[in-house]
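# compute the structure for the input listed below.
(2 chains)
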Amino acid sequence: MREHLPVLLLILPLLAVPAITALSFSSTLINRLSVLIVFVLGWIFGSEALIEVSTHDAWSYNLGGWAVPWGIELVLTPFTVFLAGVIWFIGMATWFYGLPYWMLRRGEMVKEGLFNALLFLLMGSVFGLLFLRDLLNLYFCLETGLAAAAGLLVVGQAKNWRDGFYFFFSGSAAASFLLLAAFFLYASTGTLNLNDLLAQIFISKNAVIVLTSGVLTALAFTVPFSFPAPYFFSRLVGQTPSFVMGLLSSVFVRVVVYVLFILFFFVLNLPGFNQPLWLIVLEYMLIPFFFWHFVLAFQQKDFQQSVAFISVAQLGTLLMGFLIGSKSALTGTLLELLSQLLVVAGLFFIAGTLRTAPGNLPIARLAGLGRHRPWTGLALIVFAGSIVGIPPTSGSLGKWYLIQGALERNNWALLFFIGAATLLNLIYFIKLIVLIYEHGEEDADHPSSGAAKVPVLALALGILMLGIFHQNVIQRFIEPALPKAFQNISMPNVPFLGKQVE
Amino acid sequence: MAINSFFIVRGLILLLGLVAFYHLWTASHLLKKVMAWLIFQISIVLLWISSAYVYHGHLNPLPQVAAFLILVFTTGILGIMLVFCLGISRRHDTLDIEKINHGASL
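Numbers count the residues shown, from 1 in each chain, chains lettered A, B, ... in the order given. Below you'll find the predicted structure:
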């Protein structure tokens, strides 16, 4: 049983989908109990897998015993298992946070069951994106994730059919570019396994195929990257329950960023490959484009719209690490990725606790929040502090490593961008603190639910823990996830290959 | 470079994909959009199938398996898209984008 843990981790949420859908017709209690059991089982499998990969490094598992490159390979690394744990935690927090929402809708038992099933479908597809080392299967997982996300949007709010369709349709159309990238790579190398692809690309030294498939891969993820930008998904942000928005914006979007990291740094990382000037210019233009979303966020009068813009803006920080590409920068990116997962979910959850009905949530409603609901106010400060980069939040350490990476490479342009974004965030952070502790109207109503408070506080605590124990996280999980050139390993070291080529 | 049948076949497939991709964005009816996406996917499947014959007429099974899997998955996605279309048409009584947007803005 133990030797099959990698596949168990992957199929547990997927097996839960039909089971929970079927149980949703029986009773609400049984359904909720079964969800809890799946979560507990996931923790048991996950902790076993984490112990295993922590002691023996990466764990390769061939599905059905078929060896690569013909078979499908699952690879569990310390970082992917840890990341999966954070995602599982956010999934559980989302489910727990959503319980009061469903309790108010007693007649919608089947809908609740369907929501839980889609939650697990999303978890399963996200785990697939993390563990599977096959390009074609990455496409299948991406599509499944898009379908689950679109389903969650519709189940959460019936008015979302149109926007859910656009999300799914444009996401699927863009994802087709991953199929094209896979095709070109296969035509050039004769393999689809990610490790094997790296070796074959190195042997063939086909820079054109690297460039083409790199651009196509980036295009394939454009829709998740733009989610939940209000200029595309304005109605979704206002109508969808906050826990659904929080889950999708944090988990789905950030995992896609991690997949891009794997593809760019472990598959298409051809030594000596120089990017053309137009691509470098385009990449550098993307940083201010993403950071511009901070400005847009601060111009909003609606808190939830503001959070949606912040979610997109933070992707600029992750992209920055990719552009610098040094050890410090990639360490910062992965730490920031973990931090953003918790921050984005937490901010949406807070928005949900303040919103009484679908629609607008004026920022003015935050006035006096820190005095009426001190714990929620404190959690909001932790989330905002992590975005700004105030110690000891995990966001501060991520940005610290990113700045260090930019300094090492003398990249003044990126230093300027991150400096400007941090300054802007700091001003907004001070304004936010003044707002939530000001003596506003005494009748400021802050409806609260105990069940909703727990996940918010747990996420805030997670950010602090990640910040305080960042050295452990970096040494145990992040460093082994970096390209081999950046790892402190003894010789022989083949920096540009995921696996040594015989 | 000699122009052989492979170039012509792949050129036609790419042309089909490009036309479908153009309609995918410009079509003003949701069903037409979905059909354009389907043709785009089929063009990718055809590309995969075409690569099975690359090695001097010898059949390579992997691209065929990949093409088959993509086709199965495409059918599933198509089903989900049609379910969404059904949901939209029930809500808005139309699948015409302009009419839907007009109705939503009212």
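
# helices of chain B, start to end?
For chain B, the helices defined by DSSP state H occupy B:5-26, B:30-50, B:61-92, B:97-105.

# which stretch in those has the least confidence?
Per-stretch mean pLDDT for the helices of chain B is lowest at helix B:97-105 (a mean of 75).

# quick one: which of the helices of chain B is nearest chain A?
helix B:61-92 (4.0 Å; Cβ to the nearest Cβ). Using the backbone N, CA and C atoms, a C-beta is placed for each residue, glycine as well.

# just to revisit the earlier point, of all the helices of chain B, which lies closest to A:Val237?
Of all those, it is helix B:97-105 that lies closest to A:Val237, at 15.1 Å by Cβ to Cβ.

# got the residues of the stretch 201-350 of chain A near chain B?
A:Arg235 (Cβ under 8 Å from any Cβ of the partner chain).

# smallest distance to chain B belongs to which residue of the stretch 201-350 of chain A?
Closest point on the stretch 201-350 of chain A to chain B, by Cβ to the nearest Cβ, is A:Arg235, at 7.8 Å.

# for that residue, give its distance to A:Gly171.
Taking Cβ to Cβ, to the nearest Å as the measure, A:Arg235 falls 17 Å from A:Gly171.

# now do A:Ala313
Taking Cβ to Cβ, one finds A:Ala313 at 21 Å from A:Gly171.

# about what we covered before: looking at A:Arg235 and A:Gly171, which is more packed in?
Between A:Arg235 and A:Gly171, A:Gly171 has the larger neighbour count (other Cβ atoms under 10 Å in any protein chain shown), namely 24 against 15.

# let me see the contact set for the more buried one.
Applying Cβ atoms under 8 Å, 6 or more residues apart in numbering or on different chains to A:Gly171 gives the contacts A:146, A:149-150, A:223-224.

# need these in TSV with secondary structure, can you?
Listed next are the contacts of A:Gly171 as TSV, based on DSSP: H, G, I helix; E, B strand; the rest coil:
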residue	secondary structure
A:Leu146	helix
A:Ala149	helix
A:Ala150	helix
A:Val223	helix
A:Pro224	helix
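
# helix or strand next in line after the strand or helix carrying A:Leu14, which one?
Here A:Leu14 sits within helix A:5-23, counting by DSSP states H and E. Next along the chain after helix A:5-23, taking DSSP H and E as the criterion, comes helix A:28-56.

# could you pull out the buried residues of that next one?
A:28, A:31-32, A:34-35, A:38-39, A:41-42, A:45-46, A:48-50, A:52-53 (16 or more other Cβ atoms under 10 Å in any protein chain shown).

# likewise for stretch A:424-437?
By neighbour count on 16+ other Cβ under 10 Å, the buried set for stretch A:424-437 is A:424-426, A:428-429, A:432-433, A:435-437.

# export those residues to JSON lines and tack on distance to chain B, secondary structure and pLDDT?
What follows is these, written out as JSON lines (distance: Cβ to the nearest Cβ, whole Å; DSSP: H, G, I helix; E, B strand; the rest coil; pLDDT from 0 to 100):
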{"residue": "A:Leu424", "distance to chain B": "33", "secondary structure": "helix", "pLDDT": "89"}
{"residue": "A:Asn425", "distance to chain B": "34", "secondary structure": "helix", "pLDDT": "89"}
{"residue": "A:Leu426", "distance to chain B": "39", "secondary structure": "helix", "pLDDT": "91"}
{"residue": "A:Tyr428", "distance to chain B": "32", "secondary structure": "helix", "pLDDT": "87"}
{"residue": "A:Phe429", "distance to chain B": "36", "secondary structure": "helix", "pLDDT": "88"}
{"residue": "A:Leu432", "distance to chain B": "33", "secondary structure": "helix", "pLDDT": "87"}
{"residue": "A:Ile433", "distance to chain B": "38", "secondary structure": "helix", "pLDDT": "88"}
{"residue": "A:Leu435", "distance to chain B": "33", "secondary structure": "helix", "pLDDT": "88"}
{"residue": "A:Ile436", "distance to chain B": "35", "secondary structure": "helix", "pLDDT": "88"}
{"residue": "A:Tyr437", "distance to chain B": "40", "secondary structure": "helix", "pLDDT": "85"}
